[in-house]
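Novice: Please find the sequence and the predicted model below.
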Amino acid sequence: MTILNVGSINWDRVYRVKHFPAPGETIAAASASLGLGGKGLNQSVAILRAGGDVRHIGGVAADDARMLAALASLGLDTSGLALLADTETGSALILVDDAAENVIVLDPGANAKIPEAAVLQALDAAPVGGWLLMQNETNLLDFTLTQARARGLRLALSAAPFRPEDVTPHLHSLDLLSVNAVEFAQLQASLPKGVSLPKDLAILVTKGAAGADYILGDQVLSAPAHPVEAVDTTGAGDTFLGYFLARLDAADGVEAALATAMAAAALQVTRQGAVAAIPNLAEVHDFLASL
């Protein structure tokens, strides 16, 4: 089925640095680049390159011809894109150090101004039982999840940037929650004493070089990470989730979807950038065959 992704779209300006600057310190970048990113767009491209069918719903500046051309070149269905006047396309400033770690500063721009009409139009055309994916980088989180559930869609939330007050009200309506290990600990700490996570909520926990866990009730499936030489970890979690959801929707089964997603993320971190670094399914299959 088509996966609807109401998600962010950013210009990513990436600076490679030896180390992250301390307060008051000015350092020179070894290199700089401009590329496509945003958790939403990263995940949509990962779904597409994993063989999934995805329709991206989001917002960009109406006069950003360069972004519109770049999105068209990706082959994504962007018929749900809102072109917004008097605003800037979302952007991110990303510093990547010699250890391939990153720090990111976001300007939401158009990502915070997606109109309700664009979301409703997409939801009304969605098949019952299809997936609706969201992150926490856009507006309309509560509105979209509520409207999608009312239409019989399955809900997946990539809860980053993590804010407990945005996530906990939806725990009992979500089908899949994706968090990293730090966010998972924050989620558990935010629950009232004596309250546990819903037993029927599937939770993906990414743990970087330690792999990932799929948790459903008392069941825990773990997928080890592949040892690779990382050059840039930006977007690795998005690649993992997009691949996992696409392969799950293709009925690969949870274990197979985890294995494919882990391999895709391993390949992605060996390349620079976010969208540009996401591998296609043939590359992932070749990587798995080489192990």
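Specialist: Perfect, thanks for sending it.

Novice: Residue 216: how many residues sit nearby?
Specialist: 14 (other C-beta atoms under 10 Å). Heads up, the C-betas are built off the backbone N, CA and C, glycines and all.

Novice: do the same with residue 197
Specialist: Counted with other C-beta under 10 Å, residue 197 comes out at 17.

Novice: so who does it touch?
Specialist: 171, 187, 188, 191, 203 (C-beta atoms under 8 Å, 6 or more residues apart in numbering).

Novice: Could you point out which of those is nearest to residue 77?
Specialist: Ranked by distance to residue 77 (C-beta to C-beta), the contacts of residue 197 are led by residue 203 at 28.4 Å.

Novice: ok, the closest one - contacts?
Specialist: Going by C-beta under 8 Å, 6+ apart, the list of residues near residue 203 reads 176, 177, 178, 179, 184, 197, 213, 214, 215, 216.

Novice: Where does it sit, in terms of helix or strand?
Specialist: Per DSSP states H and E: residue 203 is located in strand 202-206.

Novice: Tabulate the CA atom coordinates of that strand in CSV.
Specialist: C-alpha atoms of strand 202-206 as CSV (Å, rounded to 0.1, in the frame of the first residue of the first chain):
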residue,chain,number,x,y,z
ALA,A,202,5.5,-2.0,18.6
ILE,A,203,8.6,0.0,19.4
LEU,A,204,11.8,0.3,17.3
VAL,A,205,14.8,1.4,19.4
THR,A,206,17.9,2.3,17.4
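
Novice: how distant is it from the center of its chain?
Specialist: Distance of strand 202-206 from the chain centroid (C-alpha atoms, centre = their mean, to the nearest Å) equals 13 Å.

Novice: strand partners of it, parallel vs antiparallel please.
Specialist: Note on strand 202-206: by DSSP bridges, its sheet partners are strand 176-180 (parallel), strand 212-216 (antiparallel).

Novice: returning to that earlier point: most neighbours among the contacts of residue 203, which one is it?
Specialist: residue 178 (28 neighbours).

Novice: Assess the claim that residue 38 and residue 7 are in contact.
Specialist: Yes. Contact criterion C-beta atoms under 8 Å: residue 38 and residue 7 qualify, at 6.8 Å.

Novice: which of these two has more neighbours?
Specialist: residue 38 (30 against 25).

Novice: mind checking how far that one is from residue 111?
Specialist: Counting by C-beta to C-beta, to the nearest Å, the gap from residue 38 to residue 111 is 7 Å.

Novice: Find the residues that touch each one of those two.
Specialist: Common neighbours of residue 38 and residue 111 (C-beta under 8 Å, 6+ apart) are 8, 9, 10, 90, 137.

Novice: residues in contact with the second one?
Specialist: Contacts of residue 9 were listed using C-beta under 8 Å, 6+ apart, and they are 36, 38, 40-41, 56, 58-60, 67, 71, 89-90, 110-111.

Novice: got it, and the fourth one?
Specialist: Neighbouring residues of residue 90 by C-beta under 8 Å, 6+ apart: 8-11, 38, 60, 106-112, 137.

Novice: Kindly state the pLDDT recorded for it?
Specialist: You'll see residue 90 listed with a pLDDT of 98.

Novice: swap in residue 47?
Specialist: We have a pLDDT of 98 for residue 47.
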